[in-house]
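Engineer: Sequence below, structure please.
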Amino acid sequence: MKRIKPKAVSLLAAAAVMAAGTPAGAKHSPALDLARQLNEAFVEVADQVSPTVVVIDIRQKVNADESGSFWDILPPDLRRKFQHHGAAQQFLAGEGSGIIITADGYILTNNHVVENADEIQVRLKDGRTFSGEVKGSDPESDIAVVKIKATGLTPAKLGNSDATRVGEFVLAIGAPFELNDTVTVGHISAKGRSFEHDADQDFLQTDAKILPGNSGGPLVNLYGEVIGINTMIEGLDTGIGFAVPINLARRVKDHLIAEGKFTRSWLGIGIQELNEESAQSNLEGGSTPDPRKGVKVNLIVRGGPASKSDLQVDDVITAVDGKKVQTVRQLRDEVSAKKAGSTAVLDIVRAKKHLTVKVIPGVMPEKPVMAATEEQGHGAAQSTGLGLTVQGLSKELAEEYGVDVTSGVIVTAVEKDSPAEMQEIKAGDVITAINRKHVATPAQFRDAVKSADPKHGLMVNLVNENGSRFVVVKDRGGN
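Structural biologist: Numbering: from 1, shown residues only. The predicted structure follows:
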């Protein structure tokens, strides 16, 4: 998107403009002129963007007999503010912000602003109020789209959050504490923040003041472009706020408008970024790829899309359809954006060989695949250093633990706070290899553990009801 150039393009022009409107007796200096020019930039951006910001009022019905003692503990003034009495119903009232994104009335906001709302009212800066309808929402990214019956609106200009740099000036606009059209100024403090491992999160962090009621409003750069949707804060007085990057919000909102939901694709794999430990794809021979350039596969979900391909645990994915991926976030973004049923071509490194593997992504399940539950058992081979006990895999044990693997040793006990437990190894997991050497008996397992270098640890290949994966377990000094 072409960016708007500041009106004052030089100190001379800025000085000329300010000279006409500068109070008599005000001191002129190059430093002050620069400060005043920046001040004018903030004012111009606020004037430009504020008309595209709306206030979203919501009401949610609460049955009196279901509200319990909630209303009883509220002070009378707050009860009057947030509660509207009906014959047998009460209402929770809330307020957030939103951004006009189309001339015909589509509003971008947070999912948590409108979630479970029974009534939505949207107020424009010019004072007009419209009833709103949620056209689609996506809790994972916390993005929602509301539609009002209006035409001729002025939409906000959406920028490119990928191009946003840490340290840039930004403005946050919204309605905190029912104070409409509030503007605060700050910087981009960091990028790529996330808090839930499986959620679609990639927050921009800012020190621009964000307060309750700002949610859903824009985070704007000095070109007047929306680069984020203000979403959450870390305490009221910490100066730490977070916004959904507009590139993620844009991708999600297009699907919400067209389909009412955002469907993600997945490969059915567990992944981790490479580091000194996880990059050791062959613990006896050293690492193969550059540990800064790829994402390692440590789990293949049984029955998932990747299980039907040639992808293997321990492969390092370096690109998707020719686009390089170096982080878990980059890989997830590339895969989730692909249409389910299409073909994804993965560039991988496997045992020092550069290969390509084709995988057909599927629709990501709504509920995550759960790990196997821990059970108790009695072992024939024990590693005190790793903190686990294994037994030879028999038909009876396979049936007892619900596994259909035909080769390996089965974990029957895991010590509390042991290296094995720290790597989430559980009773019922089947160990098929250690340091790339197949193990089929307790004796082979014992020998493999004894021959390992405890400084580097052991690469343990596991299979359970959810699929295959590997972990690196460091021996604590036993056998």
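Engineer: Go ahead and report the secondary structure state at H112.
Structural biologist: helix (DSSP: H, G, I helix; E, B strand; the rest coil).
Engineer: For the helix or strand A448 falls within, C-alpha coordinates in PDB please.
Structural biologist: Assignment of secondary structure by DSSP states H and E places A448 within helix 442-451. Extracted in PDB, the C-alpha atoms of helix 442-451 (Å, rounded to 0.1, in the frame of the first residue of the first chain):
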ATOM      1  CA  PRO A 442      14.800 -54.500  27.300                       C
ATOM      2  CA  ALA A 443      18.400 -55.700  26.900                       C
ATOM      3  CA  GLN A 444      18.800 -53.600  23.700                       C
ATOM      4  CA  PHE A 445      17.300 -50.600  25.600                       C
ATOM      5  CA  ARG A 446      19.700 -51.100  28.500                       C
ATOM      6  CA  ASP A 447      22.700 -51.300  26.100                       C
ATOM      7  CA  ALA A 448      21.600 -48.200  24.200                       C
ATOM      8  CA  VAL A 449      21.300 -46.200  27.400                       C
ATOM      9  CA  LYS A 450      24.700 -47.300  28.700                       C
ATOM     10  CA  SER A 451      26.500 -46.500  25.400                       C
END
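Engineer: Give the rounded mean pLDDT of it.
Structural biologist: What helix 442-451 shows for mean pLDDT is 80.
Engineer: continuing past that helix, what's the next helix or strand?
Structural biologist: Following helix 442-451 in sequence order, the next helix or strand is strand 458-464 (DSSP H and E).
Engineer: Mind giving me the packing neighbours of that following strand?
Structural biologist: For strand 458-464, the packing partners by 3 or more C-beta pairs under 8 Å, 6 or more residues apart in numbering; DSSP states H and E come out as strand 430-434, strand 467-473. C-beta coordinates here come from the backbone N, C-alpha and C atoms, glycine included.
Engineer: any chance of these in a markdown table, plus mean pLDDT, distance to D254 and mean neighbour count?
Structural biologist: Output for these, formatted as a markdown table (pLDDT from 0 to 100; distance: least, C-beta to C-beta, whole Å; neighbours: other C-beta atoms under 10 Å):
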| stretch | mean pLDDT | distance to D254 | mean neighbour count |
| --- | --- | --- | --- |
| strand 430-434 | 85 | 43 | 23 |
| strand 467-473 | 80 | 32 | 22 |
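Engineer: Direction included, what does the one helix or strand L346 maps to pair against?
Structural biologist: Element membership of L346 [criterion: DSSP H and E] is strand 344-350. If you go by DSSP bridges, strand 344-350 pairs up with strand 316-320 (antiparallel), strand 353-359 (antiparallel).
Engineer: out of the ones you listed, deepest packed?
Structural biologist: Highest mean neighbour count of those: strand 316-320, a mean of 22 (counted as mean count of other C-beta atoms under 10 Å).
Engineer: contacting residues around that one?
Structural biologist: With contacts defined as C-beta atoms under 8 Å, 6 or more residues apart in numbering, strand 316-320 is touched by 271, 274, 279, 281, 288-289, 293-297, 324-325, 331, 334-335, 344-350.
Engineer: Separate out the buried members of those residues.
Structural biologist: Among the contacts of strand 316-320, those classed as buried by 16 or more other C-beta atoms under 10 Å are 271, 274, 279, 281, 288-289, 294-297, 325, 331, 334-335, 344, 346-350.
Engineer: Now do the contacts for F262.
Structural biologist: G136, D138, E140, S141, I143, R251, V252, H255, L256.
Engineer: from these, which is closest to A440?
Structural biologist: Among the contacts of F262, E140 lies closest to A440 (C-beta to C-beta), at 41.7 Å.
Engineer: And the strands in the stretch 251-400 of the chain?
Structural biologist: Ranges of strands in the stretch 251-400 of the chain, per DSSP state E, counting those that start in this stretch, are 265-266, 269-273, 295-301, 316-320, 323-324, 344-350, 353-359, 362-363, 381-383, 388-392.
Engineer: Tell me the confidence at S97?
Structural biologist: pLDDT for S97: 93.
Engineer: ok, the closest residue to it other than its chain neighbours - contacts?
Structural biologist: Of all residues not flanking S97 in the chain, G217 sits nearest, at 3.3 Å (C-beta to C-beta, 6 or more residues apart in numbering). Under the criterion of C-beta under 8 Å, 6+ apart, the neighbours of G217 are V53, G96, S97, G98, I99, A172, I173, G174, A175, I229, N230.
Engineer: Quickly, which of the strands of the stretch 251-400 of the chain bottoms out on average pLDDT?
Structural biologist: The stretch with the lowest mean pLDDT among these is strand 381-383, at a mean of 56.
Engineer: picking that back up, out of the strands of the stretch 251-400 of the chain, the one nearest K149 is which?
Structural biologist: Taking the strands of the stretch 251-400 of the chain one by one with C-beta to C-beta, strand 362-363 is closest: 33.0 Å.
Engineer: who does the closest one touch, helix- and strand-wise?
Structural biologist: With contacts taken as 3+ C-beta pairs under 8 Å, 6+ apart, strand 362-363 sits against strand 265-266.
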